[in-house]
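> Predicted model, plus sequence, below.
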Amino acid sequence: MTASLLARDVTLGYGDKNIIEGLSLEVPDHSFTIIIGPNACGKSTLLRGFSRLLKPAEGAVLLDGKTLHSQSPKVVARRLGLLPQSSIAPDGITVGDLVGRGRFPHQSALRTWSKQDEKAVIEALEATNTTDLSHRLVDELSGGQRQRVWVAMALAQQTEHLLLDEPTTFLDIAHQIDLLELFAELHRGGTTVVAVLHDLNHAARYATHLVAMRDGAIVAQGDPREVITEELVEAVYDLPCKVITDPVSGAPLVLPLGKSHS
């Protein structure tokens, strides 16, 4: 498998505190790569490194063989779309205008708003079931509605890589599945999708490449059917469990035991 996006011996952190040290990871092209692990294990930090939001103290993140930070933000934004864990919209902005901002990387002094931009925004709104919200103020929306609008903005960028940090936050189970099915469809269409998820069973069902982290390091990676085992879940989460086969998808299905059943 080829990997146009990869981390090579990266050390990432905040201030004087390193969260990740000497980590290497190749994201297979056209994969649906999902990163799992307990809270504060470095999942979101790694995604921030991949998105150019966080510069490695050591090592490098490479896109097409060039370090991310040697490329201009606008050039990177044409290749990498990002849905961060938390986003703040400008006051008084409508949903349509916010999603339209996803087209900014494609604009220039000589190229303003086009029919292609309009089409991309319409398709992003339709894909996230937010078309009827397009004239609403973002400030007026529920948490779940806002999350779908931010996804629409990321989709409007129409990038080859889509990075998602806990994209199902604030969503009920129906909308979680709707979005995961959308990301899976994008992956099947050729987009490389990288997501941080907390739900092990969603990760096991949708990932084509699963990365398990603990304490800033990669514990295991590969096909979910090989990665998700009772031993791995207990080692990563300190959680006794049973792993059976999902009767719907055939993927591993994690059944936590809890203290009363262990």
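Structure received.

> Spit out the contact partners of Pro56.
Ala7, Val10, Thr11, Leu12, Gly49 (C-beta atoms under 8 Å, 6 or more residues apart in numbering). (Glycine included, C-beta is placed from N, CA and C.)

> could you redo the last one with a cut-off of 10 Å?
Going by C-beta atoms under 10 Å, 6 or more residues apart in numbering, Pro56 touches 7-13, 20, 23, 49, 67-69.

> quick one: which of those residues sit in strands?
Within the contacts of Pro56, residues falling in strands by DSSP state E are Ala7, Arg8, Asp9, Val10, Thr11, Leu12, Gly13, Ile20, Leu23, Thr67.

> partners of the fifth one in the sheet?
I take that to be Thr11. Using DSSP bridges, the bridge partners assigned to Thr11 are Glu58.

> Give me the below-cutoff pLDDT ranges for the stretch 101-250 of the chain.
108-111 (pLDDT under 70).

> where do the strands sit along it?
161-165, 192-196, 209-214, 217-222, 241-245 (DSSP state E, counting those that start in this stretch).

> In the fourth one, which residues are buried?
The reference is to strand 217-222. By neighbour count with 16 or more other C-beta atoms under 10 Å, strand 217-222 contains the buried residues Ile218, Val219, Ala220, Gln221.

> Those residues into TSV, with extra columns for distance to Ala124?
Below are these laid out as TSV (distance: C-beta to C-beta, whole Å):
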residue	distance to Ala124
Ile218	32
Val219	35
Ala220	34
Gln221	30
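
> among the residues you listed, which two are most distant?
Using C-beta to C-beta, these span at most 8.3 Å, a distance reached by Val219 and Gln221.

> Touching both of the two, which residues are there?
Listed as contacting both Val219 and Gln221 by C-beta under 10 Å, 6+ apart are Val211, Ala212, Met213, Val227.

> quick one: which of these has the most company?
The residue in those with the most neighbours, by other C-beta atoms under 10 Å, is Ala212 (26 neighbours).

> how much space between that residue and Leu200?
As judged by C-beta to C-beta, to the nearest Å, Ala212 and Leu200 stand 9 Å apart.

> Tell me which residues touch the nearest residue to Leu171 once chain neighbours are set aside, please.
Once flanking residues are discounted, Leu171 sits nearest to Gly144: 5.0 Å by C-beta to C-beta, 6 or more residues apart in numbering. Counting by C-beta under 10 Å, 6+ apart, Gly144 makes contact with Thr168, Thr169, Phe170, Leu171, Asp172, His175, Gln176.

> please redo it, this time with the cut-off set to 7 Å
Residues in contact with Gly144 (C-beta atoms under 7 Å, 6 or more residues apart in numbering) are Phe170, Leu171, Asp172, His175.

> go on, Gln158?
Counting by C-beta under 7 Å, 6+ apart, Gln158 makes contact with Ala120.

> picking that back up, between the buried residues of strand 217-222, which sits nearest Ser31?
For those, the minimum distance to Ser31 (C-beta to C-beta) is 11.0 Å, reached by Gln221.

> For that closest one, list each beta-bridge partner.
With DSSP bridges as the rule, Gln221 is bridged to Val211.

> ok now do it, which residues does it touch?
His209, Leu210, Val211, Ala212, Val227.

> Go again with 10 Å.
Residues near Gln221 by C-beta under 10 Å, 6+ apart: Leu25, Glu26, Thr33, Ile35, His209, Leu210, Val211, Ala212, Met213, Val227.

> do Leu141 as well
Contacts for Leu141 were tallied using C-beta under 10 Å, 6+ apart; they are Ala89, Val95, Thr130, Leu133, Gln147, Arg148, Val149.

> where's it relative to Lys74, distance?
28 Å.

> Run the chain-centre distance for the longest helix along the chain.
Criterion DSSP state H: the longest helix present in the chain is helix 173-188. The chain centre lies 12 Å from the centre of helix 173-188; the measure is C-alpha atoms, centre = their mean, to the nearest Å.

> residue closest to the middle of this structure?
Note on the chain: the residue nearest the mean C-alpha position is Leu164, at 1.8 Å, using C-alpha atoms, centre = their mean.
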